[in-house]
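[1] Pasting the sequence and the predicted model now:
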Amino acid sequence: MNQKLGHSSEISITDKIKIIMNYPTLNDMVGMSGEKEAGFDEVLGMMKRCIHEVHDGEIVHSKIDMSESDLDEFIESLTTEQFQGLADFFDTMPKVAHSIEVTNPKTKKKGEVVIEGIQSFFD
């Protein structure tokens, strides 16, 4: 999905239930391995840290008021398609990217490196 099109911090789970997400902060990144393919537990932890509210019709459940086990139970009850909606939030969120031209000191061959997001600093 294009990060400029189709990105929203509001994820519809059903016609009645939606999740409002926060963008991850540097503190949310603590404990991430830095691997391009993070483990399921890391992904799940990041998703839980970024949930701001769960709306069930007119009832708003703030994450602050939810227990860790309630949050785990809610996320574990999601279908694959609903879980993918959460994953799409992270895949399409705006990211800082910068291209840098580099020269290999041994071969003198020029190339380009793209630094995108905080994970680039851990590669």
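    Received, thanks.
[2] roughly how far out does stretch 62-76 sit from the chain middle?
    Relative to its chain's centre, stretch 62-76 lies at 17 Å (Cα atoms, centre = their mean, to the nearest Å).
[3] what about it, start to end distance?
    Terminal residues of stretch 62-76 lie 18 Å apart, using Cα to Cα, to the nearest Å.
[4] Now do the contacts for the residue nearest the centre of the chain.
    The chain has residue 90 as the residue nearest its centroid, 3.1 Å off, counting by Cα atoms, centre = their mean. For residue 90, the contact set (Cβ atoms under 8 Å, 6 or more residues apart in numbering) comprises 24, 46-47, 50. (C-beta placed from N, C-alpha, C; glycine too.)
[5] mind putting those in JSON lines, pLDDT, neighbour count and secondary structure included?
    Output for the contacts of residue 90, formatted as JSON lines (pLDDT from 0 to 100; neighbours: other Cβ atoms under 10 Å; DSSP: H, G, I helix; E, B strand; the rest coil):
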{"residue": "24", "pLDDT": "85", "neighbour count": "17", "secondary structure": "coil"}
{"residue": "46", "pLDDT": "85", "neighbour count": "17", "secondary structure": "helix"}
{"residue": "47", "pLDDT": "88", "neighbour count": "20", "secondary structure": "helix"}
{"residue": "50", "pLDDT": "92", "neighbour count": "21", "secondary structure": "helix"}
